[in-house]
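Novice: One predicted model, sequence on top.
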Amino acid sequence: MCIKLLFDQNLSYRLVSRLKDIYPNSIHIASINLDKSSDRDVWKYAKENNYTIVTKDSDFNEICMLYDFPPHIIWLRLGNSRVSTAEEVLRKYEDKICKIVKDAEIGIIDIST
């Protein structure tokens, strides 16, 4: 229980309920009506509300490079995969994710399988 995740539109909303035991207070962008918003607006919301963005989209990495962090970005490079695959990865790397998000030097967490 260390961080709040904001799941991007390219990830299933079901991850919120499936991961609530280790990432409580996490949300999907559709639940706050940002699913049609620009990546920059999503980034701004995450920054203002202390969320870590979880995405499969490389655009957030570019935004992080331009505007710095927070918010931190978890870039899941899983390709087309099942919801269970993203869940497994976020569970497997929970300790590493929490540690890196607290690090003032690292803004992007790149996870691939």
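Specialist: Okay, I see it. Residues are numbered from 1 along each chain as shown.

Novice: what's the helix or strand for the most centrally placed residue in the chain?
Specialist: For the chain, the residue nearest the mean C-alpha position is V54 (1.6 Å; Cα atoms, centre = their mean). Using DSSP states H and E, V54 sits in strand 52-55.

Novice: Then V42?
Specialist: Counting by DSSP H and E, V42 is found in helix 39-48.

Novice: So which other helices or strands are in contact with that helix?
Specialist: Contacts defined by 3 or more Cβ pairs under 8 Å, 6 or more residues apart in numbering; DSSP states H and E place helix 39-48 against strand 5-7, strand 52-55, helix 59-67. To be clear about C-beta, it is placed using only N, CA and C from the backbone, and glycine gets the same treatment.

Novice: Which strands or helices does the first one pack on?
Specialist: For strand 5-7, the contact count by 3+ Cβ pairs under 8 Å, 6+ apart identifies helix 14-18, strand 27-28, helix 39-48, strand 52-55 as packing neighbours.

Novice: Columns distance to L5 and mean pLDDT on top of the ones you listed, output as JSON lines?
Specialist: Listed next are the helices and strands packed on strand 5-7 as JSON lines, based on distance: least, Cβ to Cβ, whole Å; pLDDT from 0 to 100:
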{"stretch": "helix 14-18", "distance to L5": "8", "mean pLDDT": "96"}
{"stretch": "strand 27-28", "distance to L5": "8", "mean pLDDT": "96"}
{"stretch": "helix 39-48", "distance to L5": "9", "mean pLDDT": "91"}
{"stretch": "strand 52-55", "distance to L5": "5", "mean pLDDT": "92"}
